[in-house]
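**Q** following is a predicted model, sequence given first.
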Amino acid sequence: MGTYPPPPPPPGPPYGPPYGNDWKYQQRRMKEQARIQRDIYRAQRDAYRYQARSLRRSSVVGPVLIITIGIIFLLIQTGRMESHRFWDWYGHWWPILFVIAGSVMLIEWIFDRYRHPDPAEPPFRRRIGGGIFFLLLLLGITGIIFSGIQNGRHAFFHRGFGINQDDLDQFLGDKHESDQMLAQAFPAGTTLAINNPRGDVSVAGTSDDNQIHIAVHKQVYTRSDSEADNKAQRLSPELSTSGSLLTINVPSLEGGRADLSITLPQAAPTTITANHGDIHVNSIRGAITVTANHGDIDLSAITGPVSSHINNGDSSLSAHSVTGDLAIEGHGNDLTLTDLSGPVTINGEFYGSTHIERIRGPIKFHTSRTDFQLARLDGEVDITPNADLSASQAVGPLTLSTRNRNITLDRIAGDVSVTNSNGSVALTSAPPLGNVTIENRNGSVDVTAPEHSSFAYQLDAVNGDIQSDFSEIHIPEGGLQKKTLSGTVGNGGPHLRISTSQGDLSIKKSDIPPLPPAPPSPPKLTLIPPDAKQAIKDAKQQTRQAMAETQEAVRQATQEAKQAARKANQQAAQKNEDQN
């Protein structure tokens, strides 16, 4: 029987490693334990990753997107869809792609949450993958590019962020406006050069006193009136003369803008450069050279040759009643040309609508997409930014080479040559019928000739039918994949060579009236009626006197206000000293 209390336990092994207090043994044991813990952590991490991967589900956005792109390209390749129409549509509506993709992903997330209502179970996670994300990014960049092509360079950013220099200037302070009048002699034979970095420029050849008159409207944004006066003084135009050249330079000033209204003798050759502002020129008989980097150009009643450069996709150009040569270069938005007598040359990229009407001289229109030439235009030409090109009452030879357009040519006299793809071509020839050559791919061709015309023809249609109102053109029956017809109508004469693919070809006849003969030369421009010259001169003199009187009154009022302010400050200071 045991005793109480029980005997102590027998002594155990000594504390520590079997080798006593050996620190090297302890270090090895600690390293082994750390290695075991690291292996356990890695095993747990791999298990978590495997579990997470098993809970991931691929989104349907990727497969649906790839299938949709493949279907669209297939429709374009087979001619069932016009590529230009699709890209025009995509350039306008491309943000819908991200709206649809985000909506599908949101619906998938909601579906997965309701599918696993038990909070103890881990929910599924959807992913789109890096490849689909890159594809969405690429499609977004493509949409921005085509949107810029449609509406002009930087148009997306201007509309999207509302960038406007005047709005930015408002952060510099309040708006202060002032006017300035300048005048000096302008001898005959003098050439004018204007450089305005920011502001509109208006030039009119209505000065009949052999002087140049400059009206400057200044706008500055500052925090104080004194700084506004200083900036307004610095914004004054600088006039310099070198030989027969008079140069007007407006200083570039942050938060400042100067609009110039200039009148000078009619015959003065003029060169205008505006960096940020519109240009208006009228009633000039000399040569004109204008450059607008960020602004519109308006030309009217000009007798001499005109060379214009427009360098902004949002800017437009209009010209009316110009009798000299007109050359337009650069890139812009809308073009409007009416009642021009000389040759017209247009070279560049224009993203808006082009309207040309009543041009007596030849026209050359060249862009990366369209090359269009004709000898005279009695009617009008309209080129829309989407796909349509129409011309009426024009005199050939007319040459048109383009793509992805629907072309309508009405009452065209003379030779016609048209090359197009992915669009329709409709031609109505005015008598006398000239040589007609039309080559169109993926589109129909309709040609209407005068009723009693005689011509030789060669017609080719691939995957399309041929129809004719002329009995001499015999059309074979049957569904041939390619149809080729040749022969003559009447006594022969001009040649009609027409070929098309993936569309029908029709030759019609109609009673078409001929174009009227060339209109007479326009009357000599009378810029100012003789009986109104003196009245205009007197009115200008009165205006200058009134402006001078107004400036003098403003100057005197400013001085009186400053004197009154100084006197009030002195009285206040004296009163404070007396109280102390």
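**A** Ah, there it is. Residues are numbered from 1 along each chain as shown.
**Q** can you pull the contacts of Ile438?
**A** Applying C-beta atoms under 8 Å, 6 or more residues apart in numbering, we find Ile438 in contact with 416-420, 425, 427, 445, 447, 497-500. (C-beta placed from N, C-alpha, C; glycine too.)
**Q** beta partners for Leu299?
**A** Val281, Ala319 (DSSP bridges).
**Q** can you check Ile262 too?
**A** Judged by DSSP bridges, the bridge partners of Ile262 are Val203, Ile214.
**Q** how many neighbouring residues does it have?
**A** 24 (other C-beta atoms under 10 Å).
**Q** do you know how far it is from Ser252?
**A** In this view, Ile262 and Ser252 are 19 Å apart by C-beta to C-beta, to the nearest Å.
**Q** sorry, back to before: nearest to Leu400, of the contacts of Ile438?
**A** For Leu400, the nearest member of the contacts of Ile438 is Val418. The distance, counting by C-beta to C-beta, is 4.8 Å.
**Q** pull the contacting residues for the closest one.
**A** Leu400, Ser401, Ile407, Leu409, Val425, Leu427, Thr437, Ile438, Glu439, Asn440.
**Q** in space, what's closest to Ile248 - neighbours in sequence excluded?
**A** Ile194 (4.8 Å; C-beta to C-beta, 6 or more residues apart in numbering).
**Q** secondary structure element for the one you found?
**A** Here Ile194 sits within strand 191-198, counting by DSSP states H and E.
**Q** paired strands for that strand, with orientation please.
**A** Using DSSP bridges, strand 191-198 pairs in its sheet with strand 245-249 (parallel), strand 270-276 (parallel).
**Q** what about that strand, distance to the chain center?
**A** 25 Å (C-alpha atoms, centre = their mean, to the nearest Å).
**Q** list the buried residues in that strand.
**A** Using 16 or more other C-beta atoms under 10 Å as the test for burial, strand 191-198 gives Leu192, Ala193, Ile194, Asn195, Asn196, Pro197, Arg198.
**Q** again, but for stretch 266-276
**A** Those would be Gln266, Ala268, Pro269, Thr270, Thr271, Ile272, Thr273, Ala274, Asn275, His276, for stretch 266-276 by 16+ other C-beta under 10 Å.
**Q** dump the strands paired with strand 191-198 into CSV; add distance to Arg35 and mean pLDDT as well.
**A** Shown next, in CSV, are the strands paired with strand 191-198 (distance: least, C-beta to C-beta, whole Å; pLDDT from 0 to 100):
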stretch, distance to Arg35, mean pLDDT
strand 245-249, 80, 94
strand 270-276, 71, 93
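**Q** show residues contacting the host helix or strand of Ala456.
**A** Here Ala456 sits within strand 455-462, counting by DSSP H and E. Applying C-beta under 8 Å, 6+ apart, the contact partners of strand 455-462 are 433, 449, 466, 473, 481-490, 492-505, 507.
**Q** for the record, mean pLDDT for it?
**A** Taken as a whole, strand 455-462 has a mean pLDDT of 90.
**Q** that strand pairs with which strands?
**A** Strands adjacent to strand 455-462 in the sheet, as given by DSSP bridges, are strand 482-489 (antiparallel), strand 495-501 (parallel).
**Q** okay, the ones you listed, which one's buried deepest?
**A** With neighbours taken as mean count of other C-beta atoms under 10 Å, the strands paired with strand 455-462 reach their highest mean count in strand 495-501, at a mean of 20.
**Q** list of residues touching it?
**A** Here strand 495-501 has contacts from 425, 435-445, 447, 449, 455-464, 505, 507, using C-beta under 8 Å, 6+ apart.
**Q** pLDDT averaged over that strand - what is it?
**A** 92.
**Q** state the next helix or strand along the chain beyond it.
**A** strand 505-510.
**Q** circling back to that earlier point, of all the buried residues of stretch 266-276, which comes closest to Trp94?
**A** Nearest to Trp94 out of the buried residues of stretch 266-276 is His276 (C-beta to C-beta; 29.8 Å).
**Q** check contacts around the closest one.
**A** Per C-beta under 8 Å, 6+ apart, neighbours of His276: Gln165, Pro197, Arg198, Gly199, Asn293, His294, Gly295.
**Q** from His294, how far off is it?
**A** 5 Å.
**Q** next one: Met81
**A** Met81 is 37 Å from His294, by C-beta to C-beta.
**Q** same question for Leu515.
**A** 41 Å.
**Q** over to Trp94?
**A** Where His294 is concerned, Trp94 sits at a distance of 26 Å (C-beta to C-beta).
**Q** what do you get for Asp39?
**A** Separation of Asp39 from His294 (C-beta to C-beta) stands at 67 Å.
**Q** compare the two (neighbour count), which wins?
**A** Neighbour totals were compared for Asp39 and His294, and His294 leads with 17 against 10 (other C-beta under 10 Å).
**Q** residues in contact with the more buried one?
**A** Asn275, His276, Gly277, Asn311, Asn312, Ser315.
**Q** one more time with 6 Å, if that's ok
**A** Going by C-beta atoms under 6 Å, 6 or more residues apart in numbering, His294 touches His276, Asn312.
**Q** got JSON lines for the contacts of Val418, with secondary structure too?
**A** What follows is the contacts of Val418, written out as JSON lines (DSSP: H, G, I helix; E, B strand; the rest coil):
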{"residue": "Leu400", "secondary structure": "strand"}
{"residue": "Ser401", "secondary structure": "strand"}
{"residue": "Ile407", "secondary structure": "strand"}
{"residue": "Leu409", "secondary structure": "strand"}
{"residue": "Val425", "secondary structure": "strand"}
{"residue": "Leu427", "secondary structure": "strand"}
{"residue": "Thr437", "secondary structure": "strand"}
{"residue": "Ile438", "secondary structure": "strand"}
{"residue": "Glu439", "secondary structure": "strand"}
{"residue": "Asn440", "secondary structure": "strand"}
